[in-house]
Structure formats: C-alpha cells, structure tokens
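In: Sequence plus the predicted model coming up.
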Amino acid sequence: MQIHKGINHLPVFKNTVLTIGTYDGVHFGHQQIIKRLKDIAREIDGETVLLTFDPHPRLILHPYDEKLKLISTIDEKEELLASFGLDHLVIAEFSKDFASMDAKEYVEKILIANFQPKKIVIGYDHRFGKNRQGDIHLLRSLAATYHFEVEEIPAQTIDEISVSSTKVRNALLDGDIHTANQLLAHPFTIKGKVIHGDKIGRVLGFPTANIEISNPHKLIPASGVYAVKINVEGQFYKGALSIGYRETVFDNSRLTIEVFILDFEGDLYEKPLDMIFAAYLRPQIKYDNWELLKVQIENDVQDVRNAIEL
C-alpha cells in the first residue's frame, strides 16, 4: 500500500475506486467497504484508494471536547489498512478551512480534481462538507456530470449489533474487550514505550514495564486488569496488563498503565511495545496489604496463561 500524506502532488490513479472516511478502528463495517472496493477494482482493472483525514475532524471542529478518544492513532490506522490490501492510502490534513468547504465544492475540488473516480463506495452514514450537508444523494446527483458511479454499503451487524466506531469506543470504555474485539474483527491494540517507574513490582516479585502512550487522544480502556499479548521486537509473550490508580500501593490520582510480561527477562527501557488485548480479567481492587495483592497477582498470572494461546 502506498501512503500519500497530503493531497498535493498525488499520482494519476488508474480507474480509481474511491472511499472516504475517518476509519477510526478500521472495524468490521469498514472492512466490508474495503472488501467491496477491492472487488470493484478487480472488475474494472482499477486501483483502490482510501481518503482519510488527520487530525480526526472532531478534534478540529470541537477542540475543547475532550470526550473523543481514538480507537486507532494515525500510525496504527496506516498499519491496519495496509494489512487489508489497499493500493493507496491518502491522508489529507483536516483544518477549519477544509471543514468550511461547501459539500458540492468539496466533491468538485477534492474528489474529482484529485482522484477522477470511476466509482465511489461509502458507508451508509457518510456525510461531508460544511455542516455535514453532503450525503449519498448529493453524490448521486453529481455522478452523471462527473462520470462516476456511487455505491452505498449498508450498516453491518454482528450478533444483531450494528457496528460503528462509537459502539467500539463505548465497549472499550466499559472494559468489554470481548464485544470491542468482535465489532473490530481484530484485537484492540495499544502501542507504547517502556519508561522508568517506581519499581514496586520488583518488590512484589512481579516486575512490570511501565507504559507511556505518546498520543493524548488514544483511547485507554476502563480501569482493570487485562490479559494481553505483548509484541516485543517481533517476539510475542503473554502479559497481565493493569490500567488504574494503584490504590493499594499509593494514594495516587495519576492513571498508570503497566504490564507484567510472563516468561520474559531483559531490559525494555525506551523500547516500543504492542499490547494486544485478549480479555478483561477483573476490576481494580484496593487491598489491605501487599501480601493480599501479591496473591491476587499470582491468580492473575494463571488466568492470563489460561486465557491466551501464543
């Protein structure tokens, strides 16, 4: 997959089959659009192109709304989309000027001028242009003029749940990893860097890697303990990951993310880790003493061994 950052100096695409959207999480519904995109491209000997935006439009339109958290950062999104076999990913900078563009002007100046699409495939709820005025009906009204076809992909459901990024976010914020991973059709993942901590884990016999997340908009699941797979420089391990405030150890108001990596020895400071969520194990609990906490961690480790296969 070729990645194009910005819409200036794009190549001439061959029989462009285009889709557009934020694609946060690249969930099951997104994957069905991509699958359809690829099918059409094969039929017309074309190239698949996905146009997305960075920053996420809501971060520009509602800069003081701290509720929006991203299922996938732009780097994670690039990695996910590449795994689905697209030909081109175009990342357009989203700005207030971009957002103020009239919907018809957006179609003409952005979609037609840069991509000359043969076919546009969009999700059932796709909106575009100033105040989200543009929709499938506007695209259909312009199709004959600009010689493209339009196809709308209906909402996708899993176990009678309509898939959307909002529902994935809500599941993660509830600690419901099972539902989130079902809706995503791939495991939710956090990428982070190992930083120095207070080394309390060593005292308990379970040294943990403290994790720093660089993107402040990345969604962090609900507090609790999770079974995760850990990617350490291409090698996979089982891990018990804790998200919370370490109330047994400190009177702490700072959220921490730390992971005990099973059957691992080595120095991880400053190294990147991928934490791939497999299951929610339990909520955070404040224990009366460290011995009770140590027993609980021993149980957590056994639960992780039972929950994950490598």
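Out: Everything's here; your move.
In: Centroid-nearest residue for the chain?
Out: Centroid-nearest residue in the chain: residue 72, 2.1 Å away (criterion: C-alpha atoms, centre = their mean).
In: Secondary structure of that one: a helix, I assume?
Out: No: per DSSP: H, G, I helix; E, B strand; the rest coil, residue 72 lies outside any helix segment and is coil.
In: What are the boundaries of the helices in the stretch 1-150 of the chain?
Out: Taking DSSP state H, counting those that start in this stretch as the test, the helices found in the stretch 1-150 of the chain are 28-44, 57-61, 74-83, 96-99, 103-106, 113-115, 136-146.
In: Could you dump those helices into a markdown table and include mean neighbour count?
Out: C-beta here means a position set from N, CA and C on the backbone, and glycine is covered the same way. What follows is these, written out as a markdown table (neighbours: other C-beta atoms under 10 Å):
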| stretch | mean neighbour count |
| --- | --- |
| helix 28-44 | 18 |
| helix 57-61 | 15 |
| helix 74-83 | 17 |
| helix 96-99 | 13 |
| helix 103-106 | 16 |
| helix 113-115 | 18 |
| helix 136-146 | 15 |
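In: export these to JSON lines and tack on mean pLDDT and distance to residue 125?
Out: As requested, those are arranged in JSON lines below (pLDDT from 0 to 100; distance: least, C-beta to C-beta, whole Å):
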{"stretch": "helix 28-44", "mean pLDDT": "96", "distance to residue 125": "9"}
{"stretch": "helix 57-61", "mean pLDDT": "92", "distance to residue 125": "14"}
{"stretch": "helix 74-83", "mean pLDDT": "96", "distance to residue 125": "19"}
{"stretch": "helix 96-99", "mean pLDDT": "94", "distance to residue 125": "18"}
{"stretch": "helix 103-106", "mean pLDDT": "97", "distance to residue 125": "15"}
{"stretch": "helix 113-115", "mean pLDDT": "97", "distance to residue 125": "21"}
{"stretch": "helix 136-146", "mean pLDDT": "97", "distance to residue 125": "10"}
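In: of all those, which lies closest to residue 300?
Out: helix 74-83 (26.3 Å; C-beta to C-beta).
In: In CSV, list the C-alpha atoms belonging to the closest one.
Out: Output of helix 74-83 as CSV, limited to C-alpha atoms (Å, rounded to 0.1, in the frame of the first residue of the first chain):
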residue,chain,number,x,y,z
ILE,A,74,-3.0,7.6,12.5
ASP,A,75,0.1,5.3,12.7
GLU,A,76,-2.0,2.4,13.9
LYS,A,77,-4.6,3.1,11.2
GLU,A,78,-1.9,3.0,8.5
GLU,A,79,-0.7,-0.4,9.8
LEU,A,80,-4.2,-1.8,9.9
LEU,A,81,-5.2,-0.5,6.5
ALA,A,82,-2.1,-1.9,4.9
SER,A,83,-3.0,-5.4,6.2
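In: Could you tell me the model confidence score at residue 249?
Out: Note for residue 249: predicted pLDDT of 64.
In: same question, residue 252
Out: 64.
In: and if you look at the one 10 residues further on?
Out: Residue-level confidence at residue 262 comes out at 97, pLDDT.
In: quick one, what contacts it?
Out: Applying C-beta atoms under 8 Å, 6 or more residues apart in numbering to residue 262 gives the contacts 237, 238, 239, 240, 301, 304, 305.
In: Now do the SS call for the second one.
Out: Taking three-state DSSP as the rule, one finds residue 238 in the strand state.
In: Thanks a lot, catch you later.
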